[in-house]
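**Q** Test case, fold it:
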Amino acid sequence: MDDAPARRRRIRRTGPSTRLRVDGPILAGIVYERLVTSNAEGAQGGAKNIVIVGGGLAAVRTAEQLRRASFEGSITIVSDEEHLPYDRPPLSKDVLRGEVDDVTLKPPEFYDDKDITVRLGSAARTLDTGAQTVTLDDGTVLEYDELMIATGLVPRRIPSFPELAGIRVLRSFDESLALREHAGSACRAVVVGAGFIGCEVAASLRGLGVDVVLVEPQPAPLAAVLGEQIGGLVARLHRSEGVDVRTGVGVSEVRGDGRVETVVLADGAELAADLVVVGIGSYPATDWLDGSGIEVDNGVICDASGRTSANHVWALGDVASWRDLAGHQVRVEHWSNVAEQARVLVPTMLGQEPPSAVVVPYFWSDQYDVKIQCLGEPRSTDIVHIVEDDGRKFLAYYERDGVVAGVVGSGRPGPVMKSRAKIAAGAPIADVLG
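**A** Model prediction:
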């Protein structure tokens with residue numbers, strides 16, 4: 001690949017006030033930096049300069065909401081990625097299976113048209129809340145009037161695993177492409193962790209013809225989120241597709257000579273493998289906030305509108321722990337949660353009235369030919385009522401303190417979505433059981 005100076009180029013777009021600087025290869029991770037600074041007045045009456053740290057869905061949704069709210073000041077998105085912001089859910093499914101290659105959320109023209117600066121390959125290193133500046137890895141210092149923290153998650157790794165070729169995690173687009181390439185020549189894979197990512201990866205690998213062993217220390221896949229009963233139905237789905245599901249056991253050792261060859265389970269079983277995918281969850285990307293004074297506890301601590309412990313600093317998305325109506329700090333890692341938070345945070349920051357509608361959490365997971373959907377906030381300790389089950393598709397309601405707390409369906413989108421109003425109202429469980 002050519003060196004950086006040789007790759008530098010400039011693109012001028014029509015209009016007297018817009019000029020883009022493009023750094024890096026045109027086809028992979030372009031840096032779009034608006035060189036003109038807007039002199040427009042912010043929605044609160046003064047010139048505003050908003051910096052969004054993080055280059056994912058939360059950053060894009062926040063920028064969108066700002067422009068929709070008639071904010072005319074400067075918006076800068078800072079991302080450590082080399083790609084324009086992209087959608088992450090397809091990484092473990094469509095991208096991994098080779099069905100989709102472009103998961104970009106917005107084309108380059110969107111950022112030009114909306115007058116948004118995007119700095120790619122620019123990881124935030126430190127935050128000075130007193131000076132209201134963010135320092136990047138390359139030494140660049142960005143000033144801000146308001147700062148949004150949207151840095152997302154970092155995948156957990158297993159420190160005891162040796163540095164062997166064939167051991168992978170999945171969080172980024174590049175990691176998905178690398179895993180796809182490896183899967184093309186793999187015969188036997190071990191997926192460690194049967195959460196949503198682990199289950200989706202296992203399903204995708206089976207679709208690619210790879211033999212898969214799914215290993216989970218919990219009694220069933222997704223047990224920590226949906227409970228053992230529903231987890232058992234998910235395990236049944238995977239077994240029906242030829243996955244060897246091993247639950248109640250962890251991994252004690254990985255062996256190999258330069259590349260992975262054997263996975264040893266805690267019960268002594270030895271599994272031949274030429275690919276290992278670690279899907280044991282993620283943790284909030286907050287290391288760069290050390291020393292900033294921002295309160296962090298399993299995410300950035302926020303009030304119910306996204307305010308952090310520092311003035312003019314906000315947080316949303318996977319990295320943020322918002323206070324719920326009961327006064328508890330809750331960090332939600334669901335795709336749909338990001339848009340809901342942006343619809344509250346942006347108006348609040350701009351001094352406008354935020355929406356007051358009750359939000360019912362929603363998430364989904366595509367595995368094989370079924371979509372597993374969840375509405376509400378089910379807990380593993382809830383009473384579970386399975387009202388439909390044909391051996392593959394199912395529908396279940398979660399009861400807590402006599403009311404319907406959530407619903408989970410596999411291949412049953414209609415009944416799931418029709419339950420939204422009853423969950424929002426805290427309806428008695430009898431209302432959904434009939």
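**Q** what stretches of the stretch 251-400 of the chain score poorly on pLDDT?
**A** Applying pLDDT under 70 to the stretch 251-400 of the chain flags the ranges 357-358.
**Q** hmm, try it at 80
**A** 325, 355-359 (pLDDT under 80).
**Q** show me where it has strands.
**A** Using DSSP state E, counting those that start in this stretch, the strands assigned to the stretch 251-400 of the chain run over residues 251-256, 260-265, 270-272, 275-278, 282-284, 300-301, 313-315, 320-323, 329-330, 362-367, 370-376, 383-389, 394-400.
**Q** closest to Thr140 out of those strands?
**A** Thr140 lies closest, by Cβ to Cβ, to one member of these: strand 313-315, at 18.8 Å. Every residue, glycine included, has its C-beta placed from N, CA and C.
**Q** who's in contact with Asp101?
**A** Val95 (Cβ atoms under 8 Å, 6 or more residues apart in numbering).
**Q** doesn't Ile167 make contact with Glu175?
**A** No. Glu175 sits out of contact with Ile167 when judged by Cβ atoms under 8 Å, with a separation of 11.8 Å.
**Q** Between the two, tell me which one has more neighbours.
**A** Ile167 (22 against 17; other Cβ atoms under 10 Å).
**Q** I'd like the distance between Leu214 and Glu377.
**A** 26 Å (Cβ to Cβ, to the nearest Å).
**Q** When the two are compared, which one has more neighbours?
**A** Neighbours per residue (other Cβ under 10 Å) separate Leu214 from Glu377, with Leu214 holding more: 28 against 16.
**Q** Dump the helix or strand harbouring that one to CSV, keeping only the CA atoms.
**A** Taking DSSP states H and E as the criterion, Leu214 maps to strand 211-216. Extracted C-alpha coordinates of strand 211-216, given in CSV (Å, rounded to 0.1, in the frame of the first residue of the first chain):
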residue,chain,number,x,y,z
ASP,A,211,-18.5,-28.1,12.1
VAL,A,212,-19.2,-26.1,15.3
VAL,A,213,-19.0,-26.8,19.0
LEU,A,214,-20.7,-24.1,21.1
VAL,A,215,-19.3,-24.0,24.6
GLU,A,216,-21.1,-22.2,27.4
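**Q** Neighbouring strands - and their directions - for it?
**A** Take DSSP bridges as the rule and strand 211-216 pairs in its sheet with strand 188-192 (parallel), strand 244-247 (parallel).
**Q** how about the strands of the stretch 1-150 of the chain, start to end?
**A** 9-12, 19-23, 31-34, 49-53, 74-78, 116-119, 124-128, 133-136, 141-143, 146-149.
**Q** tell me what the shortest one is packed against?
**A** Applying 3 or more Cβ pairs under 8 Å, 6 or more residues apart in numbering; DSSP states H and E, we find strand 141-143 packed against strand 133-136.
**Q** which other helices and strands contact the strand it packs on?
**A** So strand 133-136, by 3+ Cβ pairs under 8 Å, 6+ apart, packs with strand 124-128, strand 141-143.
**Q** Same question for it: list its buried residues.
**A** By 16 or more other Cβ atoms under 10 Å, the buried positions in strand 133-136 come out as 134-136.
**Q** Please compute how far stretch 343-357 lies from its chain's middle.
**A** 23 Å (Cα atoms, centre = their mean, to the nearest Å).
**Q** Next, the contact list for Ala427, please.
**A** Ala427 touches 403-404, counting by Cβ under 8 Å, 6+ apart.
**Q** do you know how far it is from Leu226?
**A** From Ala427 to Leu226 the distance is 20 Å (Cβ to Cβ).
**Q** what sits up against stretch 172-184?
**A** Under Cβ under 8 Å, 6+ apart, the answer for stretch 172-184 is 81-83, 86, 91-92, 95-98, 103, 166, 168-170, 189, 201, 205, 208, 210, 275, 277.
**Q** So which of those sit within helices?
**A** Among the contacts of stretch 172-184, the ones falling in helices (DSSP state H) are 201, 205.
**Q** Check Ala4 and give its pLDDT.
**A** pLDDT, Ala4: 33.
**Q** thinking again about what came up before, deepest in the core, which of the helices and strands packed on strand 133-136 is it.
**A** strand 124-128 (a mean of 18; mean count of other Cβ atoms under 10 Å).
**Q** how far off strand 74-78 does that one point, in degrees?
**A** Relative orientation of strand 124-128 and strand 74-78, computed by axes from the mean of the first three to the mean of the last three Cα atoms, to 10 degrees: 130 degrees.
**Q** Show me what strand 124-128 is packed up against.
**A** strand 133-136.
**Q** The strand it packs on pairs with which strands?
**A** Strand 133-136 has these strand partners (DSSP bridges): strand 124-128 (antiparallel), strand 141-143 (antiparallel).
**Q** and of these, who's closest to Ile158?
**A** Across those, closest to Ile158 is strand 124-128 (Cβ to Cβ), at 26.9 Å.
**Q** How about residues contacting that closest one?
**A** With Cβ under 8 Å, 6+ apart as the test, strand 124-128 has contacts from 53, 78, 80, 133-137, 147, 151, 288-289, 291-292, 294, 313.
**Q** Out of those, which two sit at the greatest distance?
**A** Asp137 and Val313 (19.8 Å).
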